[in-house]
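Colleague: pasting the sequence and the predicted coordinates here, then a few questions.
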Amino acid sequence: MTSVLRLFMPAAATAMTTLLAAGCSSSSSGSAVPAATPASHPPSAVATHPSVVTPSGADVYFAESEDITGTTAHAPGCQAGCPLSGDGTTVLWNMSWPTWTAAEAIGTGTEKIVGCDPDCAAGPEYSVKVTVTFSQPARDCAVSEWFWTYATFTWPDGLPSGLTGGGAPANPWDFTQVKSEATQSCA
């Protein structure tokens, strides 16, 4: 309905979108107070703000290498590998996702991790059984999609000695690029 209003009545759509966005908000007096649409933002910015809309499990995607414009997938099998890092030093393989909801996705499979001793270019690659939990979905308003922004890992069989101490993989994993893009696109 909002897009139809925008097409025929842009001013009315802005007012309607502002009222809808503020409809669940209330001031200290208990009455709803519509938020003003900032002049620097298009009317659609209010309707797509992450605090106004919540995802369903089917609406949240994994962005490979933290690139929302690249390969994205819902409950990816990652049979041929799904890179977590942009440099390919951490890749998920043969994943299955028995849980994929709006709040979290939990999957099991293999994590291939490049050991960075003496450096990442010369380090060996380790294949480790992993359970991954994605959480904290954020909406990128520019593409109107939700993406996981946080991951935690457990390794049921532990980690090889080359991946301990200073060489341990990141855990938790914060998808800072995805968070940044979502924040900027919905501002």
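Modeller: Perfect, I can see it now.

Colleague: run through the helices of the chain in chain order.
Modeller: Per DSSP state H, the chain carries helices over the ranges 2-8, 10-22, 43-47, 176-186.

Colleague: next one: phi and psi at residue 87?
Modeller: Torsion angles at residue 87 (phi, psi; degrees, to the nearest 10) stand at phi -90, psi 0.

Colleague: the chain should start at 46 in everything you say after this.
Modeller: Yes, from this point I'll number from 46; that puts the last item at residue 132.

Colleague: now the closest residue to it other than its chain neighbours: how far from residue 219?
Modeller: What sits nearest to residue 132 in space, not counting adjacent residues and going by Cβ to Cβ, 6 or more residues apart in numbering, is residue 165, at 7.1 Å. In short, each C-beta sits where N, CA and C put it, glycine included. Look at residue 165 and residue 219: by Cβ to Cβ, to the nearest Å, they are 19 Å apart.

Colleague: circling back: report the contact partners of the residue nearest to residue 132.
Modeller: Each residue near residue 165 by Cβ atoms under 8 Å, 6 or more residues apart in numbering is listed here: 132, 134, 159.

Colleague: swap the cut-off to 10 Å and go again
Modeller: Shown in contact with residue 165 (Cβ atoms under 10 Å, 6 or more residues apart in numbering): 130, 132, 133, 134, 159.

Colleague: done for today, thanks.
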